[in-house]
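Enquirer: please work out how this folds:
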Amino acid sequence: MQIRQLTEQDIPDLLKAINGSFADYIVPFQLNAEQLQFKMQSETIVPEWSIGVFEDKKMIAFIMHGVQTIDGKTVVYNAGTGVLPDYRGQGLVGKMYNYLQPFLKDYQVSQLVLEVIESNRSAIRAYEKNGFVIHRKLLCFGGTLQTTPRLNTASVKPLEKFLWKDFQSFWDILPSWQSAVPSMDAAQPAALGAFVGSELAGYVLFNPANKRMYQIAVAPQHRRTGIGTQLLAEVQQQLSNEKVQINNVDEAAENLKLFLEKQGLTNDINQFEMTKKL
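Expert: Okay, the predicted model is just below:
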């Protein structure tokens, strides 16, 4: 077996390894080349920071890593770990992390971050064995929006750019990696703003192509006035009542959880965000 960092030329083989590894996952999924390209762009995945295990030139295991600078420090995100079924139980995840450790040290990486499904006890144990600890619980929602605005409190219209200073002033929680500021700047999802007069009172970021919402927030002084419902009604209309997902909502956001459930979404699966200090 050979363990090495990936290159752009490995991406077709990476796609095969992803689909082979996740065909029997707790939540099975498959990607096509375009979807993998979007994932790499939106999650700031860098091939050279990612690792593969090869046997006879066949990729049998991998870890994809996204890289961002947060508060002046380099943070690396595990955007996906997979091992083909015939090669599991051989400690390949630990071997990949051991291989990458000197590289991470050379680049003064301060923290590793990953997400793992709550019920995947074997993966959680493997990550804990490699020094990761559970940082917070993240909730995932899905379903068809059942939204009926009672009032037109605000005027909802598209935003031409992300107003991060305003957006962040509405936050009660920090978004996880896939919805964080650098990821949104890379993915460039659609943005809707809710205005009361000339004042931005709320916003939502969503991707019409993959039917995913990333962020929704309302200014504290404008909550409980129907603005969040108005925003989701517009999303519902633009998605033609198709099913939508919003993933990795911090469990601490109890009001947001209740709001999303009231709008018809179901909390169908949960994840743990795990971190490791370096």
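
Enquirer: can you tell me the element the closest residue to Y87 other than its chain neighbours falls in?
Expert: Excluding its sequence neighbours, the residue lying closest to Y87 (Cβ to Cβ, 6 or more residues apart in numbering) is I60, at 4.7 Å. Where you see a C-beta, it was placed from the backbone N, CA and C, and this is true even at glycine. Assigned by DSSP states H and E, I60 belongs to strand 58-70.

Enquirer: C-terminal to that strand, what's the next element?
Expert: In the C-terminal direction, the helix or strand that comes right after strand 58-70 (DSSP H and E) is strand 73-83.

Enquirer: buried ones in whichever helix or strand comes after that next one?
Expert: As assigned by DSSP H and E, the chain's next helix or strand after strand 73-83 is helix 92-106. Using 16 or more other Cβ atoms under 10 Å as the test for burial, helix 92-106 gives L92, V93, M96, Y97, L100, L104.

Enquirer: these two touch, right, the first one and E55?
Expert: So the one you mean is L92. No. Using Cβ atoms under 8 Å, L92 is not in contact with E55, being 10.4 Å away.

Enquirer: now do the strands in the stretch 101-250 of the chain.
Expert: 109-117, 133-143, 155-158, 190-196, 199-207, 212-218, 244-250 (DSSP state E, counting those that start in this stretch).

Enquirer: mind listing residues that contact the fourth one?
Expert: It refers to strand 190-196. 153-159, 161-163, 200-208, 218, 222, 227, 230-231, 234-235, 238 (Cβ atoms under 8 Å, 6 or more residues apart in numbering).

Enquirer: ok now it, how far from the chain's centre?
Expert: Distance of strand 190-196 from the chain centroid (Cα atoms, centre = their mean, to the nearest Å) equals 22 Å.
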